[in-house]
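J.: Whatever this is, show me its structure:
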Amino acid sequence: MAPKTDGHNASKDVLIFGLGEHTGGEVWIEDPEGKVAPPVLENSSLSGQVHDIYHRFMRLDTQKLHGVFPVVGRRFPGVVFIEMKQ
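T.: Residues are numbered from 1 along each chain as shown. Reported below is the predicted structural model:
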């Protein structure tokens, strides 16, 4: 999946996770200090970090550019929206 932001979400932060029997499907998040090009845009000047969410939770700031690497097998992604009260 090409990198995107989710500015329309009511919640800026979400918990994401991946279930199922698969390989790949890592989440890429833009980070100027990162060393990995985003999925689909290999020749991009963007850089970021890759996070494995296979059977684990990860907090994601949906305002940051993010994408998912290709998946082989059956992957069931999950998203939990976090409501922050001030």
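J.: residues in contact with the residue nearest the centre of the chain?
T.: The centroid of the chain falls nearest to residue 27 when counting by CA atoms, centre = their mean (3.5 Å). By CB atoms under 8 Å, 6 or more residues apart in numbering, residue 27 lies in contact with 16, 50, 51, 53, 58, 60, 66, 67, 68, 69. Every residue, glycine included, has its C-beta placed from N, CA and C.
J.: Looking at the residues you listed, spot the one nearest residue 82.
T.: Checking these against residue 82 with CB to CB, the nearest one is residue 60 at 9.8 Å.
J.: roughly how far apart are the closest one and residue 68?
T.: In this view, residue 60 and residue 68 are 11 Å apart by CB to CB, to the nearest Å.
J.: try residue 5
T.: The spacing between residue 5 and residue 68, counted by CB to CB, is 14 Å.
J.: repeat for residue 40
T.: In terms of CB to CB, residue 40 sits 9 Å off from residue 68.
J.: So residue 6 is in contact with residue 65, correct?
T.: No. Between residue 6 and residue 65 there is no contact under CB atoms under 8 Å: 10.2 Å.
J.: And residue 5 and residue 68? Which one has more around it.
T.: It is residue 68, of residue 5 and residue 68, that has more neighbours when counted by other CB atoms under 10 Å, with 22 against 13.
J.: sorry, back to before: what sits in contact with each of residue 40 and residue 68?
T.: Shared contacts of residue 40 and residue 68 (CB under 8 Å, 6+ apart): residue 1.
J.: Now stretch 50-68: buried residues?
T.: 53, 60, 62, 66, 67, 68 (16 or more other CB atoms under 10 Å).
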